[in-house]
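A.B. asks: coords please:
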Amino acid sequence: MRIILFSLPIMLSLALVSCKGNKRNNGDGFPDNFNQLTDTAKVSYVMKNTTPDSVARFICRASLGKIKNVRIESIGIATNYAYEKYTGDNLDLFGNSYDSYIANLPLSDKMRIYALAGTEDPQGLGLQLGLEYLQSIRENNLKPEDVERELKAFKDACKNDPETYQRFLVGFKTVLKTDKNNDMPAGIYERFINYE
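C.D. replies: Model prediction:
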């Protein structure tokens, strides 16, 4: 009798583990057919299983192709769906997390997200990125060598669209001239005010 009572918790644990193991998923916690769902169905699934800030990150990362075997085809549709379904504090948390995530992306990813969302005029996209970049440097405490690395990666991402890169530089230099001698390390201004 003691053996049965002693082994009962072990058998129960094994049964629970095996039940979890039978849940079909692609290894990332998503159902096997997840990528065949519409964008709104994908967002709906994630909304039911996690927090609004995680949903915001999911939409951005899946749109950029940063989640294995999961893709959001239209970031606009996915984002609008979440904005329509959330209310109150959840809506605020989603919106703030979404904006914050995008604001802290490396330049090349931020450009891709803006282009995918279609929220920026393609002609003004580079300029907008340039105008926003100093704030990103400030918030992320980037050092001059970090900025240099990001600018090189961004230039490479713009190799088929050099006008966007040039517009970015115009915006970035404009902000640097306006913001000079503010709270940024002098090395940022000195190194990038005439950057090409």
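A.B. asks: tell me the centre residue of this structure?
C.D. replies: Cys60 (4.1 Å; C-alpha atoms, centre = their mean).
A.B. asks: Could you check which helix or strand contains the closest residue to it other than its chain neighbours?
C.D. replies: Counting by C-beta to C-beta, 6 or more residues apart in numbering, Tyr101 is the residue found nearest to Cys60 once chain neighbours are left out, at 5.1 Å. All C-beta atoms are positioned from the backbone trio N, CA, C, and that covers glycine. Using DSSP states H and E, Tyr101 sits in helix 88-103.
A.B. asks: For that helix, buried residues please.
C.D. replies: Going by neighbour count (16 or more other C-beta atoms under 10 Å), the buried part of helix 88-103 is 90, 93-95, 97-98, 101-102.
A.B. asks: wait, doesn't the residue nearest to the centre of the chain sit right on Ile113?
C.D. replies: Yes. Taking contacts as C-beta atoms under 8 Å, Cys60 lies within contact range of Ile113: 6.4 Å.
A.B. asks: okay, and the common contacts of those two?
C.D. replies: By the contact definition C-beta atoms under 8 Å, 6 or more residues apart in numbering, Cys60 and Ile113 are jointly contacted by 75, 102, 105.
A.B. asks: Tell me who's in contact with the second one.
C.D. replies: Taking C-beta under 8 Å, 6+ apart as the criterion, Ile102 is in contact with 60, 110, 113-114.
A.B. asks: Going by distance to Tyr133, which of those residues wins?
C.D. replies: When the contacts of Ile102 are ranked by distance to Tyr133 (C-beta to C-beta), Lys110 comes first, at 8.9 Å.
A.B. asks: Now tell me what touches the helix or strand harbouring the closest one from outside.
C.D. replies: Using DSSP H and E, Lys110 falls within helix 107-117. Residues outside helix 107-117 that contact it (C-beta under 8 Å, 6+ apart): 60, 63-64, 75-76, 79, 102-103, 105, 120, 122, 125-126, 128-129, 133, 136, 150-151, 153-154, 156-158, 164, 168.
A.B. asks: Which members of those occur in helices, if any?
C.D. replies: Residues of these located in helices (DSSP state H): 60, 63, 75-76, 79, 102-103, 125-126, 128-129, 133, 136, 150-151, 153-154, 156-157, 164, 168.
A.B. asks: Since that was my last question, I'll sign off now.
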